[in-house]
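build the 3D model from these lines:
(one chain, ligands or ions: 1)
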Amino acid sequence: MASWPHGYARHVFDTLDSTLSEAARMAPSLGGPAWLLAIEQTAARGRRGRAWSNPQGNFAGTLIMRRTGSPADAALRSFVSSLALRETFVEVTGQEAAFALKWPNDVLLNGGKVAGILLETIGDCLAIGIGVNLAHAPTPDQVEQGAVIPVSVLGATGVSVEPEIFLDALAAAYARLEDQYVTYGFAPIRTAWLSHAARIGEVITARTMRDETVGVFEDVDEAGNLILNTAKGRVAITAADVYF
Ligand SMILES: O=C(O)CCCC[C@@H]1SC[C@@H]2NC(=O)N[C@@H]21
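This is a model prediction of the structure:
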């Protein structure tokens, strides 16, 4: 088993059903935090039960670690991971201004979706599944109506990045931000996340299975909730899909 200087273990698989499923299989015997990378996934899953398209050349990884703190505390790792992803994109492409963050946990490149994150809890472990369109992006007809159009790093920037190289940079960025989170709490992560938030100050729509809230995107609060200023006042939204 390989590991990096920051101490996280590194596992690379040629083929898996899903790195999240492999993380669930590893969880009962997990020692320290570990990254799992699959060159190919045959049953990748996305948020809200959607399938996730995963052609070879794209990044499919999961970080599995023991949970400390409350479930709410674990959920804030989606902000830690999306910030780590953004830093990694900037490092590998050199393009600072092109990348933005979409609540709760997508990364945008020139306004298109380039990466998504799916958090799962497995007993006393947290698994952070990350999919990145490094080389390929689904066509617009493959995503639901109104969703942000997918883009790839290669297509939008011309930069070709191998998944293993991306993993090394992402793991280092994550380890640094995780240390910051554990030492100083959510406040600096929140500030950094907000400084890169897409559409802040604009009218957006937050949709759940049950309802839809339209309002000006004002803030993300100390608990990670989306704060919209609506016709009925300020509303805090815990979980939803956001549409621009
Ligand atoms: O719907 C989203 O935006 C989240 C997509 C998460 C996909 C990644 S790919 C690696 C990991 N394994 C999975 O089966 N899903 C996540």
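
domain assignment for this protein?
The record's domain split for the chain, according to automatic domain parsing, is 9-195, 203-243.

to the ligand, which of those lies closest?
Nearest to the ligand among those is domain 9-195 (2.0 Å), distances taken as Cβ to the nearest ligand atom. Heads up, the C-betas are built off the backbone N, CA and C, glycines and all.

any idea how far the closest one is from the chain center?
On the basis of Cα atoms, centre = their mean, to the nearest Å, domain 9-195 is displaced by 4 Å from the centre of the chain it belongs to.

average pLDDT for that domain?
Averaged across domain 9-195, pLDDT comes to 95.

still on that earlier bit, ranking the domains of the chain by burial, who's on top?
The densest packing among the domains of the chain, expressed as mean neighbour count by mean count of other Cβ atoms under 10 Å, is seen in domain 9-195 with a mean of 18.

so what's the residue nearest to L16 when sequence neighbours are not counted up against?
With Cβ to Cβ, 6 or more residues apart in numbering as the criterion, L16 has its nearest non-adjacent residue at 4.2 Å, and that residue is A38. Residues in contact with A38 (Cβ atoms under 8 Å, 6 or more residues apart in numbering) are V12, F13, D14, T15, L16, S18, T19, E22, A60, G61.

output the residues you listed as CSV; include the columns distance to A175.
Rendered in CSV, the data for the contacts of A38 read as follows (distance: Cβ to Cβ, whole Å):
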residue, distance to A175
V12, 18
F13, 21
D14, 25
T15, 27
L16, 23
S18, 23
T19, 18
E22, 21
A60, 20
G61, 14
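
filter those residues by proximity to the ligand?
Restricting those to those near the ligand by Cβ under 6 Å from any ligand atom leaves S18, T19, A60, G61.

in strands only, show me these.
The members of the ones next to the ligand among the contacts of A38 that map onto strands under DSSP state E are A60, G61.

in terms of helix, strand or coil, where does P138 fall?
Per DSSP: H, G, I helix; E, B strand; the rest coil, the local secondary structure of P138 is coil.

surely D179 forms part of a strand?
No. Under the criterion used here (three-state DSSP), D179 is helix, not part of a strand.
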